[in-house]
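sequence and predicted model, in that order:
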Amino acid sequence: MNPNQSRRDVIVVGGRVAGSATAMLLARLGRDVLVVDQAVFPSDTISTHSIARSGVVQLQRWGLLDEVLGSGAPAIRQVTFHALGESVSRTIKHKSGVGLVVSPRRYVLDTILAAAAERAGADVLHDVTVTGLRRDRRGRVAGISGHDRNGAPVDIGARYVIGADGLRSRVAHSAGAAINEARPAGGATQYAYYAGIQWIGIELFFADRSFAGVFPTNHGQACVWVCTPSADARAARRRTGSRVEAFGDLLQRSAPQLTERLRHARRTSPVQGMLRMPNQIRQAFGPGWALVGDAGYHRDAVTAHGITDAFRDAELLAVAVDQALGAGVDEIAALAHYQRQRDQALREIFEITCRLGAYPAVPAFVDLQKQLSAAIDTEAAALASRPVPGERLLATA
Ligand SMILES: Cc1cc2nc3c(=O)[nH]c(=O)nc-3n(C[C@H](O)[C@H](O)[C@H](O)COP(=O)(O)OP(=O)(O)OC[C@H]3O[C@@H](n4cnc5c(N)ncnc54)[C@H](O)[C@@H]3O)c2cc1C
């Protein structure tokens, strides 16, 4: 395919959880879609990867859950909470059509989604970096410009450009998307992978000013993580002198039992993560463009909800753009509806995230986790009750 040749219905910039899901749904709705990403897949991104029940509902509705489980990411059916000297295990109930959660490595999940977008008919180009947006004479966004891996220019027209290009979205900056709401960015999440221990399910450890845990993932390994205020992460780094030792120090403070078990495990990755994670909501659309995923809404990872946000909003946006592409439809009404639905859908968990990110005392933190769990169940039920975009076309393909 010569990327510069044609004018597409939609170009999606960024092909991970938000971008590939949006592209897949638009392609299933019969739209002509191109995804470009500067990364080459399979590849990881900075993120742990527990998918909440509502995100698992999306994977199941889109027909991708079996493939995710088939990748070797274990079906997780138990969560154990460790707080104030007590441990309690709970079985994940069957609700909204699912009785498990899952935590696939991002290089696995993102590749499955990109392949699903391609199977649905989208073109996917990797190793292409978008540097700016093309505009028509009226100033409407009308395509992308950038370059491929060899530096050759890439310049493609489209009726809509969707920015699914993450927190530092080039599309958002080039389009001039306003930040409509910003809260303090105080939280840090750091993680590493470990092999050599059997993990039965998710484990969560609550302690003063910290929250740690284990997400079982592919290859029999586990993602071990710790969330703290960024100031504590920085102080640990100054005290210890290395990222690995700082991580060990924070884990020891949050979950000494876990640290003890990790002595028998092998760390298989560097320690990675993010400090000062923004909590912000951007304007979701303008003439010829829209944002989805972290590009439009970013929150602290303490609630592990970004992948689910991306899946939920990908569907809202795909439906809105499909309508806007229809003849005689008021595009502003369709995309404004997307922004309203997104802002309403994210509100409860955004508020809980901001409160958790302030690290209240353990009993209040645990209480907020219970509120989070109830909010996720409500979200999952709402998603499970919707018609699946493009399902009819998929069935007849
Ligand atoms: C430390 C940490 C832990 C987390 N843990 C969890 C968790 O357990 N569960 C959960 O649900 N969420 C978690 N999240 C949040 C989750 O990672 C994000 O919400 C999610 O990755 C957002 O997906 P996205 O597709 O919007 O963007 P991204 O995953 O950021 O993907 C953006 C893509 O755009 C591409 N791109 C960017 N700029 C350009 C450009 N100019 N040209 C071409 N391509 C471009 C990039 O290469 C990238 O592939 C965590 C986040 C962090 C930082």
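Perfect, I can see it now.

buried stuff in the longest helix anywhere in the chain?
Secondary structure of the chain per DSSP state H: the longest helix is helix 331-356. Neighbour counts over helix 331-356 (16 or more other Cβ atoms under 10 Å) mark 331, 334-335, 337-339, 341-343, 345-346, 348-350, 352-356 as buried. (Glycine included, C-beta is placed from N, CA and C.)

could you give me the average pLDDT of that helix?
Across helix 331-356, pLDDT averages out at 98.

can you spell out which helices and strands pack onto it?
strand 279-282, strand 285-286, strand 297-298, helix 306-325, helix 362-384 (3 or more Cβ pairs under 8 Å, 6 or more residues apart in numbering; DSSP states H and E).

which of these sits closest to the ligand?
Smallest distance to the ligand across these (Cβ to the nearest ligand atom): 2.0 Å, for helix 306-325.

does the closest one come close to the ligand?
Yes - Helix 306-325 is in contact with the ligand by Cβ under 6 Å from any ligand atom, via G306, I307, T308, A310.

is it possible to export those to JSON lines including pLDDT and neighbour count?
Below are these laid out as JSON lines (pLDDT from 0 to 100; neighbours: other Cβ atoms under 10 Å):
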{"residue": "G306", "pLDDT": "98", "neighbour count": "26"}
{"residue": "I307", "pLDDT": "98", "neighbour count": "27"}
{"residue": "T308", "pLDDT": "98", "neighbour count": "26"}
{"residue": "A310", "pLDDT": "98", "neighbour count": "27"}
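
for the ligand, what are the nearby residues on this structure?
When proximity is defined as Cβ under 6 Å from any ligand atom, the chain approaches the ligand at 13-19, 36-39, 45-51, 129-130, 164-166, 170, 189, 273-274, 293-295, 301, 304-308, 310.

report the buried members of those.
Buried members of these, counted by 16+ other Cβ under 10 Å: 13-19, 36-39, 47-51, 129-130, 164-166, 170, 189, 273-274, 293-295, 301, 304-308, 310.

returning to what we had before: looking at the residues of the chain next to the ligand, which are in strands?
Within those, residues falling in strands by DSSP state E are V13, V36, D37, T129, V130, T189, G273, M274.

which residues touch the nearest residue to the fourth one once chain neighbours are set aside?
Closest residue to T129 in three dimensions, ignoring its sequence neighbours and counting by Cβ to Cβ, 6 or more residues apart in numbering: Q38, at 4.2 Å. Contacts were defined as Cβ atoms under 8 Å, 6 or more residues apart in numbering; by that measure Q38 touches H126, D127, V128, T129, V130.

list just the nearest of these to R239.
Using Cβ to Cβ, T129 comes nearest to R239 of the contacts of Q38, at 38.6 Å.

what sits opposite that closest one in the beta ladder?
With DSSP bridges as the criterion, T129 is bridged to H147.

I figured it hits H147, correct?
Yes - T129 lies in contact with H147 (Cβ atoms under 8 Å); the separation is 5.9 Å.

could you give the number of residues near G248?
Neighbour count of G248, defined by other Cβ atoms under 10 Å: 19.

element containing it, please.
Secondary structure from DSSP states H and E places G248 in helix 243-254.

now do R239
Assigned by DSSP H and E, R239 falls in helix 230-240.

show me what that helix is packed against.
So helix 230-240, by 3+ Cβ pairs under 8 Å, 6+ apart, packs with strand 187-195, helix 243-254.

single out the most deeply packed of the ones you listed.
Of these, the one with the most neighbours on average (mean count of other Cβ atoms under 10 Å) is strand 187-195, at a mean of 22.

next, the buried residues of the very next helix or strand once past that one.
As assigned by DSSP H and E, the chain's next helix or strand after strand 187-195 is strand 202-207. For strand 202-207, the neighbour count (16+ other Cβ under 10 Å) marks I202, E203, L204, F205, F206, A207 as buried.

next, give phi and psi for the closest residue to the first one other than its chain neighbours.
This points to I202. Leaving out its chain neighbours, the residue that sits closest to I202 by Cβ to Cβ, 6+ apart is V79, at 4.6 Å. Note on V79: backbone dihedrals following degrees, to the nearest 10 are phi -120, psi 130.

show me what contacts V79?
V79 neighbours (Cβ under 8 Å, 6+ apart): S89, R90, I92, G201, I202, E203, L204.

report the helix or strand with the lowest average pLDDT across this protein.
Ranking every helix and strand in the chain by mean pLDDT, DSSP states H and E puts helix 391-396 at the bottom, with a mean of 61.

residue contacts, the residue of the stretch 51-200 of the chain found nearest the ligand?
In the stretch 51-200 of the chain, the residue that lies nearest the ligand is G166 (2.8 Å; Cβ to the nearest ligand atom). G166 makes contact with G14, R16, G293, D294, A295, according to Cβ under 8 Å, 6+ apart.

what's the most distant pair in those residues?
Across these, the longest distance by Cβ to Cβ is 10.8 Å; it joins R16 and A295.

which neighbours do the two have in common?
Common neighbours of R16 and A295 (Cβ under 8 Å, 6+ apart) are A164, G166.

run a quick neighbour tally on A182.
Other residues near A182 come to 12 when the count uses other Cβ under 10 Å.

just to check, it is in contact with R282?
No - A182 is beyond contact range of R282, at 9.5 Å (criterion: Cβ under 8 Å).

list residues touching both of the two?
Common neighbours of A182 and R282 (Cβ under 8 Å, 6+ apart) do not exist.

now do the same for the residue in the chain sticking out farthest from the centre: its pLDDT.
Centroid-distance maximum for the chain: R137 at 35.1 Å, with Cα atoms, centre = their mean. For R137, the pLDDT comes out at 97.

quick check: the spatially most central residue of the chain vs N150, distance?
The chain has I307 as the residue nearest its centroid, 2.5 Å off, counting by Cα atoms, centre = their mean. Separation of I307 from N150 (Cβ to Cβ, to the nearest Å): 32 Å.
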